[in-house]
Structure formats: structure tokens, C-alpha cells
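K.L.:
whatever this is, show me its structure:
(chains A and B)
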Amino acid sequence: MAMVLKPMVLAAAAGLVLATASAFAAVKPGNGPYAAADWAALGKLPDWSGVWVPDVADQHRKEAADRPPWTPKVAAEMAKLEAEARAGRPFLVLHDCLPYGMPSLMLIPHNSMEVLFTPGRVTMLGESDGNRLRRIYTDGRKHPDDPDLTAHGHSTGHWEGDTLVIDTIAIKPQAYLAISEEAGVPNDGDAHVVERIRLKSPDVLADDLTIEAPKVLTKPWSTTRYWTRLRGEKNDIVEGACVEGMVRAGKDANGHEVYVPAPVSKDGAVVPRAR
Amino acid sequence: MNSVKAIAVGLALAAAASQADAHHSGSMFDPSKTETLQGTVRAFNWTNPHVNVEVMAEPEAGKAPQLWTLEASSPGVMGRSGWTKRSLNPGDRVTVTFSPLRDGGLGGSLRKVELPDGKVLTWSTSYSPAADAKP
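P.N.:
Prediction:
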């Protein structure tokens, strides 16, 4: 008994960092190569398999109940956007089918995602468009000194026990900080997101986000988003491309199967006629 | 240089204006209202980001038939509510229930479809893990 207890006490004294370090001691920054032990070590991580669907009702509740500390200028802009949405003239944050960008990808999605663990990496694959994708490097690397800016930024992560801690920088200034599909503003630069993601209950993943966006927020904003786990083949992630909504199947002059522009109305819905 | 840039921007805007905003918010629809109509499915577009069904509504006496477009969620979301690309087919006689466009256009957010054989199709973005555990 004492033989068993002693290592446990030691581990507790050293904190959870010890367990994390032992699980990934062999992983070095730089995309492998990885040995069988590195793959085996993934078995010590929590089970995040399955299809995760966002809690959209909770997102909607938080539009009112958990608002970002907008700067006064942006707060006025948001009030206008929300009034327009209520009047049925929504500004369309996602209209161009460009990537959501961080942190909107975690704040306002209506579609599912899956999370893959490989040595040195956590990968999030979103549904409904191929660019709903995050690569989170857990191989101990640092952020690049002069990173190219991307919609979803550069993410490094590490495990603190069963919690994945992610640090994301290098987000394009054009990426929206949005609280709904009709209310958001470009972050305008220097956005930084820290996330702590863990299983809140057996089938609920909680993402605690702390968002710094100094051009549009007066202080960091902390909020949480939830995802519910589904299993079973009927819930498999479906391939998709957002731009499919702009086209329909048709024929070209040679009779080949091609896409042709979809009929649209001024509001962007495929609603072809005025009443 | 500036004029070239201006032309490029102008072209981009023109292209944008003539194209669909493929992914849009649902707030162009009024969730506080519910309308129902009967008609015939002209097309069932099982596509991202939003599935939609085109329904030729039965005309009122003396009026021309109207083509309505009723929109739902993505194939992934719809699939988890039991829909498939074969759930509706051109020629199907349907009764559709929807939240209409706020601007009075011929469209809405689809809530329910009733088929002549009594089959009822609905969908939701809320899930219960336990209920969905089986394939």
C-alpha cells in the first residue's frame, strides 16, 4: 500500500504538471517523428471522441446575459447592428464564407466539430465548411517571432491535468469578434485568446475563453461556451463548403455537370420572388 | 494605380452584389410568427450552409401560383434530426409550417413539413446525448 501511495503523494505534491510531463516527455517541438510510446501516451488524455454540437441556446442567452466589455464606440455600433437584426435587416457576419476567425469559431457556431489528438497536436475539425479548422500545437513549441496572421491564429496548447490550455495569437485584424451571426466587429488587431477546455460532465465540453481585443474591448472578456457530445454513426460530421450555398447543380454548354449561380434575393436567402 | 484599384474594388463589389450571401443569420425571419401553406415541392436543395426547399404554393382563386423558399439548417444538423437528402422530392405534396421573412418576401425559416402519408418532419439544434447514443 505504501509503495502505491508514495508516488501518488509525490505526484500530488509536484502538481499535475508532473503527470503531463511524464505523458509527453518524449515529444519535442517540430512535427515529430513520433515513437510508439508517444502514440501510446495519448491514451492518458481524456476521451474527447465523438461529435460535439455547440449549445446554441446558451449562445443566444449570452447575447444579452454575458456581453463583451465593448469600447463605447463599438458598443454604439453593436446597438445599431442588433437593432437592424431585430428589424429583419441583419448584418451578416459570415456572409462571405471566409473562415469564422478566432474567437468567433468558438463563440457563435451552429455546427458541430470533432477533436483529434495526435502526438504533439490537437486538431479541431468543424462542420459545414472545410475551413472551420484549428491546429493546436501541444509539442512544446513557442509562437513564431513574426507569425503570418491567419483567421484562426497561431495556437499552442498544453495539458494541465484533464484541461487543455490554449494560447492563440496572430489573428487577422479582419477576423470578427462576434456574439451572434448578426452582431460582431472586426477585432482590428492584437487579439489574444486563452482557452481552458475540459469535460464539465461526461458529455459536455466547456471552453472557458479569455479574450483580449484591445482595439474593440476596454478589458479582457471572459466567457464560456458549451458543446454536447453525440455518438453513433448517424451523427458523423458531414463534409461541406459554405460557398455551396451560392451555387446549384447545373450543366455547361458541353453537358458536363457543373455549378451555376443560385437564385438569390437581396437579403442573401435563396428567396427568389417578392410577395 | 488608384484608378486600377478603384476598378478592382468596383468589380469585387459588383460580383458580391450579384452573388448569394451564402451564410446568413436567421434574423431576417420572424420567429414570433408562424405561417402554414400547402403546395408542391419544386426542389429540395440538400446543401451547406443551409438546406432549403422550394414549394410552389397552391394559388388563391384567380391568382398565379407563388414559389416559396423555405430554409432550414445545414445537412449535418438536419441529419441529426433524422432528415436525409431523400426526405423530400420534387412533386411531393406538402404542408409546410414556417416563420416568415420579416420583409414580406416569399420565404421563411422552415419549422415543419407534413406529407400526405402522415409523415411529419421537424428539426432542432438541441440534442440529448443519451437519446443519440445509438447509430
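K.L.:
so after the helix-or-strand element of chain B with minimal mean pLDDT, what's the next helix or strand?
P.N.:
Lowest mean confidence among the helices and strands of chain B (mean pLDDT, DSSP states H and E): helix B:2-18, at a mean of 42. Downstream of helix B:2-18, the first helix or strand assigned by DSSP states H and E is strand B:35-45.
K.L.:
quick one, strands of chain A?
P.N.:
Using DSSP state E, the strands of chain A run over A:51-54, A:113-118, A:121-126, A:133-137, A:154-160, A:163-169, A:176-180, A:183-186, A:192-201, A:204-212, A:221-230, A:247-251, A:257-261.
K.L.:
surely A:Trp70 and A:Thr218 touch.
P.N.:
Yes - between A:Trp70 and A:Thr218 there is a contact under C-beta atoms under 8 Å: 7.4 Å. C-betas here are computed from N, CA, C, even on glycine.
K.L.:
have a look at the two and say which one is more surrounded.
P.N.:
Neighbours around A:Trp70 and A:Thr218, counted as other C-beta atoms under 10 Å in any protein chain shown, are more numerous at A:Trp70. The numbers are 20 against 13.
K.L.:
could you find the closest non-adjacent residue to the residue in the stretch 51-200 of chain A positioned nearest to chain B?
P.N.:
With C-beta to the nearest C-beta as the measure, A:Gly88 is the residue of the stretch 51-200 of chain A nearest to chain B, at 2.7 Å. Leaving aside its sequence neighbours, A:Gly88 sits nearest to B:Arg102 (C-beta to C-beta, 6 or more residues apart in numbering or on different chains; 2.7 Å).
K.L.:
what do you get for A:Thr138?
P.N.:
Of all residues not flanking A:Thr138 in the chain, A:Gly157 sits nearest, at 4.6 Å (C-beta to C-beta, 6+ apart).
K.L.:
my guess is that neighbour meets A:Tyr137, correct?
P.N.:
Yes - with contact defined as C-beta under 8 Å, A:Gly157 reaches A:Tyr137; the gap is 6.8 Å.
K.L.:
look up how far chain A lies from the residue minimising distance to the centre of chain B.
P.N.:
When C-alpha atoms, centre = their mean is applied to chain B, the residue found nearest the centroid is B:Glu71 (1.3 Å). From B:Glu71 across to chain A, the span is 6 Å (C-beta to the nearest C-beta, to the nearest Å).
K.L.:
for residue 32, what are its contacts?
P.N.:
No chain was given, so I picked chain A. Each residue near A:Gly32 by C-beta atoms under 8 Å, 6 or more residues apart in numbering or on different chains is listed here: A:38, A:119-120.
K.L.:
to clarify, I was referring to chain B.
P.N.:
B:Ser32 neighbours (C-beta under 8 Å, 6+ apart): B:Ser99.
K.L.:
look up phi and psi at it.
P.N.:
Phi and psi for B:Ser32, reported as degrees, to the nearest 10, are phi -80, psi -10.
K.L.:
how much space separates it from A:Asp236?
P.N.:
35 Å (C-beta to C-beta, to the nearest Å).
K.L.:
so what's residue 122 bridging to?
P.N.:
With no chain named, the answer covers chain A. A:Phe117, A:Ile136 (DSSP bridges).
K.L.:
my question was about chain B, not that one.
P.N.:
B:Lys112.
K.L.:
quick revisit: what would the strands of chain A look like in TSV with mean neighbour count?
P.N.:
As requested, these are arranged in TSV below (neighbours: other C-beta atoms under 10 Å in any protein chain shown):
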stretch	mean neighbour count
strand A:51-54	24
strand A:113-118	17
strand A:121-126	18
strand A:133-137	19
strand A:154-160	19
strand A:163-169	20
strand A:176-180	25
strand A:183-186	23
strand A:192-201	18
strand A:204-212	18
strand A:221-230	20
strand A:247-251	13
strand A:257-261	11
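K.L.:
now tabulate those in CSV and tack on mean pLDDT.
P.N.:
Putting the strands of chain A into CSV (pLDDT from 0 to 100) gives the following:
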stretch, mean pLDDT
strand A:51-54, 96
strand A:113-118, 98
strand A:121-126, 97
strand A:133-137, 97
strand A:154-160, 98
strand A:163-169, 98
strand A:176-180, 96
strand A:183-186, 96
strand A:192-201, 97
strand A:204-212, 98
strand A:221-230, 97
strand A:247-251, 89
strand A:257-261, 92
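K.L.:
let me have the ones you listed in JSON lines, extended by distance to B:Lys63.
P.N.:
JSON lines is the format used below for those (distance: least, C-beta to C-beta, whole Å):
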{"stretch": "strand A:51-54", "distance to B:Lys63": "42"}
{"stretch": "strand A:113-118", "distance to B:Lys63": "46"}
{"stretch": "strand A:121-126", "distance to B:Lys63": "44"}
{"stretch": "strand A:133-137", "distance to B:Lys63": "49"}
{"stretch": "strand A:154-160", "distance to B:Lys63": "57"}
{"stretch": "strand A:163-169", "distance to B:Lys63": "56"}
{"stretch": "strand A:176-180", "distance to B:Lys63": "38"}
{"stretch": "strand A:183-186", "distance to B:Lys63": "39"}
{"stretch": "strand A:192-201", "distance to B:Lys63": "54"}
{"stretch": "strand A:204-212", "distance to B:Lys63": "51"}
{"stretch": "strand A:221-230", "distance to B:Lys63": "45"}
{"stretch": "strand A:247-251", "distance to B:Lys63": "27"}
{"stretch": "strand A:257-261", "distance to B:Lys63": "29"}
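K.L.:
compare these and give me the one nearest B:Gly91.
P.N.:
B:Gly91 sits nearest to strand A:247-251 of all the strands of chain A, at 17.9 Å, using C-beta to C-beta.
K.L.:
residues near the residue nearest to A:Gly88, how many?
P.N.:
B:Arg102: 18 neighbours (other C-beta under 10 Å).
K.L.:
and if you look at the one 10 residues further on?
P.N.:
Burial of B:Lys112 is recorded as 15 neighbouring residues (other C-beta under 10 Å).
K.L.:
show me what contacts it?
P.N.:
B:Lys112 neighbours (C-beta under 8 Å, 6+ apart): B:96-97, B:120-122.
K.L.:
list just the nearest of these to chain A.
P.N.:
B:Val96 (13.9 Å).
K.L.:
bridging residues for the closest one?
P.N.:
B:Leu37, B:Val113.
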